[in-house]
Structure formats: structure tokens, C-alpha cells
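*Asks:* just coords:
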């Protein structure tokens, strides 16, 4: 009887020891709680702070119209005031040191570089695939538009042949009173939605490719007379930003492009769908990512034109003086006897300086 009990106890102890040894041998990911992201190794020399994070929909109080926000602002005359410092908590009684804003708080977003004496435009603009003739642009002065978006470069343009677009055309539209929004359609996200854009997806070295295409964007801008200090808008068509690997590659490319464009004396802008690329950039700003675009051009069609109350840009992200809203697309309009298929935009942002 006693021997039987001792054997049972011994078997129980041995079983518990084996169970503990098995649990200890499990990898860390198997012992983590459900839904916790695990870090993955990467050889990217410019690591992405968003790696492993869930990109949430943004629902914050709307502070977009408050001057001096953490992402910088312009004075009413259009000159840059420079980025505001992230606010700090007030000093405690007895002179205790102030505590910086917590990470993840909107006020801790990295400040965007101040724009040096930008040429600003506030009003309506249109963009169209191929640059119209100067005669058409003269006739369209009778329209409500005051600026035009021009697809001046990039391998992903839908209209790569632009027979009219050059320095003479740029000078001509400027003499007619138009302002210009230069758009560069380069490589696209690996998870781009539009079928025709899949042929232009970002390759294996996203950072180097972004730098290379940023250099090309500047070279082509100079070739058509766009001076330093001008914005260059990178067109990144809608992509499935919730795919983490794809999002990381896309953001790395954008950062490389931005850094190169900024280093050459131009202002990096970014165009995308509000519910994909723009919400991705917003999440990156909140995560403390550097080398982000200075101006955001967001597409949200079938809605009223508005700048300050875009749902995914609430908080201190890209104030209304750094925004363009594309609110309608692929619509026909006729002015001065000439018809164009255009996208419609509401603008309060920098425009090109043409020499």
C-alpha cells in the first residue's frame, strides 16, 4: 500500500518536472498573450518605428485650425512661422522640473521643417492627366480655378508623354495668372490597389529607391523651370496600408524621397487616398517618425470640399495651411469653349516658384 502511494507520488513529481521543462523550451512568441505583436528581424538601415504596430483609425479632437500646432504652421500673410515646440506640462509647486509630453501623445509628434517664404495659394485648383495647351489654359481663366496640378515626372504617370509640358509652358501659365502644383508619380506601394500601377511597385531596397527617385524629381523639376523652395508632390495611389510589410516598405520609400527632396531645397508633399496613404502618414507622425511630407494632399471624393475637418487628419497634423483636398475626380468641365476631364481640389498650400 505504502509502496504504491510512493510510486504514484514519484510519477506525479516526474510529470510536473517534465511539464515545466517543456514549457521552458517553448519560444517567446508561444508564451505571449494573444494579439501581442512580436518584433521581426530586419536589415533595413533606417528602421521603421511603426514596425509591428497596428495602424488605428484616428479619432481625436479637431485641432487642425489652431495656429502653431506641433507640426508647424504659417502666419496669415503666408510666411512660415516655424514649427512650434511640443508643449510641456506646467512646473509643479516648489520648482520641480517639467515633464515632457508622453510618447504617443499628439503633442509629441515631430515638428515639420518651417517653409522659407513659401508662395502660397488658397482657392480651387484642378488637375488633369495631360498638360492642356496654353490656349486652353487662357480660355479656362474664365473658370473658378486659380491653380493647376501638373504631372511633370515619374515613371508611374498615366500620361508619360507630355508634349506641351516644358519651361515655356510653365512660364506661359504663370503669365496667365495660374499657380502650379507639381506632381511626381514615381514607384508605387507593393500593395497598391489599382491594377495598372502594379507594374511600378517599389523594389527590394526601398530607401535607396526613394532617394534615387527624389533626386530624379528634383532634376526634372529644375528642367521645367521649377525653382528651389517649391513643393513637389509625390503621388502614391491607394494601397493596403494594414499589411505591415507593405506599409513598412512604402513608408521607407516615402521617407527616402522626402529626405532627398528636402536636402535639395524643395518641399516634399504627399498625395494619396485619405483612407490609405494619408491615414498611414498620420499614424507615422504619431509614432514619432521623421522625414515625413511637409504638405498633405488627400483624396476623398463625393464629399464637400473641406480642409480643416478631414477625419483622418484631426489633431495637430498638417494644419490647414499645409493641405489640399481632392474632393471630386474624373469629371468633365467646359470653360471658354474647351472641355477637359479633371479632378477638383480645394487648396491652402505652397505652390511652385517658376523662374
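*Replies:* On my side now, so go ahead. The structure presented is a predicted model; accordingly, all values stated were derived computationally and were not measured.
*Asks:* can you give me the helices in the stretch 201-350 of the chain?
*Replies:* 206-223, 244-263, 279-286 (DSSP state H, counting those that start in this stretch).
*Asks:* what is the mean pLDDT for the longest one?
*Replies:* For helix 244-263, the mean per-residue pLDDT is 98.
*Asks:* go on, stretch 219-234?
*Replies:* Mean per-residue pLDDT for stretch 219-234: 98.
*Asks:* tell me which residues of that stretch are tucked away?
*Replies:* 220-222, 224-226, 229-234 (16 or more other Cβ atoms under 10 Å). For the C-beta atoms, the positions are set from N, CA and C on the backbone; glycine is no exception.
*Asks:* Could you export these to JSON lines, including columns for distance to residue 209?
*Replies:* Shown next, in JSON lines, are the buried residues of stretch 219-234 (distance: Cβ to Cβ, whole Å):
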{"residue": "220", "distance to residue 209": "16"}
{"residue": "221", "distance to residue 209": "18"}
{"residue": "222", "distance to residue 209": "21"}
{"residue": "224", "distance to residue 209": "23"}
{"residue": "225", "distance to residue 209": "26"}
{"residue": "226", "distance to residue 209": "22"}
{"residue": "229", "distance to residue 209": "26"}
{"residue": "230", "distance to residue 209": "23"}
{"residue": "231", "distance to residue 209": "21"}
{"residue": "232", "distance to residue 209": "16"}
{"residue": "233", "distance to residue 209": "18"}
{"residue": "234", "distance to residue 209": "12"}
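*Asks:* check contacts around residue 340.
*Replies:* By Cβ atoms under 8 Å, 6 or more residues apart in numbering, residue 340 lies in contact with 126, 128, 132, 136, 140, 332-334.
*Asks:* now it: how far from residue 197?
*Replies:* For residue 340, the distance to residue 197 equals 23 Å [Cβ to Cβ, to the nearest Å].
*Asks:* on that earlier part again, wait, which of the helices of the stretch 201-350 of the chain is closest to residue 324?
*Replies:* helix 279-286 (13.7 Å; Cβ to Cβ).
*Asks:* helices or strands next to the closest one in the packing?
*Replies:* helix 244-263, strand 267-273 (3 or more Cβ pairs under 8 Å, 6 or more residues apart in numbering; DSSP states H and E).
*Asks:* Same question for the first one: list its buried residues.
*Replies:* Applying a neighbour-count criterion of 16+ other Cβ under 10 Å, one finds 244, 246-262 buried in helix 244-263.
*Asks:* Surely residue 231 is in contact with residue 266?
*Replies:* Yes. Residue 231 lies in contact with residue 266 (Cβ atoms under 8 Å); the separation is 7.1 Å.
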